[in-house]
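Q: give the three-dimensional model of this entry:
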Amino acid sequence: MFEVDHPTVVASKQARIGHSMVLSKGLDGVADRYHLVAADLRDVPALAAALTAAGLDLSVPTVVLAECVLVYVEPAAAAAILAWLGQAFADIAFINYEPVTLSRQSMRGMPRLSIAI
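A: Numbers count the residues shown, from 1 in each chain. Predicted coordinates for the structure are as follows:
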């Protein structure tokens, strides 16, 4: 499993995992299959490079789950991400969850979430 988030968020997640026995223990048995990847989703070439460096195999059937992600990027960047996903993967399913009744202003207090591939 590959989880992608902004580099500052990844650093925070890594620090929390490192300082929490509960979170660290939760990775027992799966740590070799879990990859927390730092990348700015708006920079698709850098995203692709980071995932490749982390060992992502584009030929394997893949499910991409995007939770409250695309709402945070401009439409052109979201389109670029989706175009890359469709072109790069041999076999892909894309699941997207976005709050559709909230305005951007009302979402200011909501936490940023990430894409898991």
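Q: same for the helix or strand containing L23, what does it pack against?
A: Under the assignment given by DSSP states H and E, the secondary-structure element containing L23 is helix 21-26. Taking 3 or more CB pairs under 8 Å, 6 or more residues apart in numbering; DSSP states H and E as the contact definition, the neighbouring helices and strands of helix 21-26 are helix 7-19. For the C-beta atoms, the positions are set from N, CA and C on the backbone; glycine is no exception.
Q: centre of the chain to the helix holding L23, how far?
A: Using CA atoms, centre = their mean, to the nearest Å, the distance from the centre of helix 21-26 to the centre of the chain it belongs to is 21 Å.
Q: residues making contact with it?
A: By CB atoms under 8 Å, 6 or more residues apart in numbering, the list of residues contacting helix 21-26 from outside reads 16-18.
Q: ok, so of those residues, who is nearest I95?
A: The shortest approach to I95 among the contacts of helix 21-26 belongs to I17, at 24.7 Å (CB to CB).
Q: that closest one: neighbour count?
A: Using other CB atoms under 10 Å, I17 has 15 other residues around it.
Q: ok, and the closest non-adjacent residue to it?
A: Leaving aside its sequence neighbours, I17 sits nearest to L23 (CB to CB, 6 or more residues apart in numbering; 4.6 Å).
Q: if I look at that neighbour, how far off is A83?
A: As for L23, its distance to A83 is 35 Å (criterion: CB to CB, to the nearest Å).
Q: got any ranges where the protein has weak pLDDT?
A: Counting by pLDDT under 70, the chain contains low-confidence residues at 26-27, 29-30, 100-117.
Q: quick one: the strands in this structure?
A: Under the criterion DSSP state E, strands of the chain are mapped to 2-5, 35-38, 62-67, 92-97, 115-116.
Q: rebuild those strands as a markdown table, extending it with mean neighbour count and distance to A76.
A: Putting the strands of the chain into a markdown table (neighbours: other CB atoms under 10 Å; distance: least, CB to CB, whole Å) gives the following:
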| stretch | mean neighbour count | distance to A76 |
| --- | --- | --- |
| strand 2-5 | 20 | 19 |
| strand 35-38 | 18 | 22 |
| strand 62-67 | 17 | 16 |
| strand 92-97 | 13 | 17 |
| strand 115-116 | 20 | 18 |
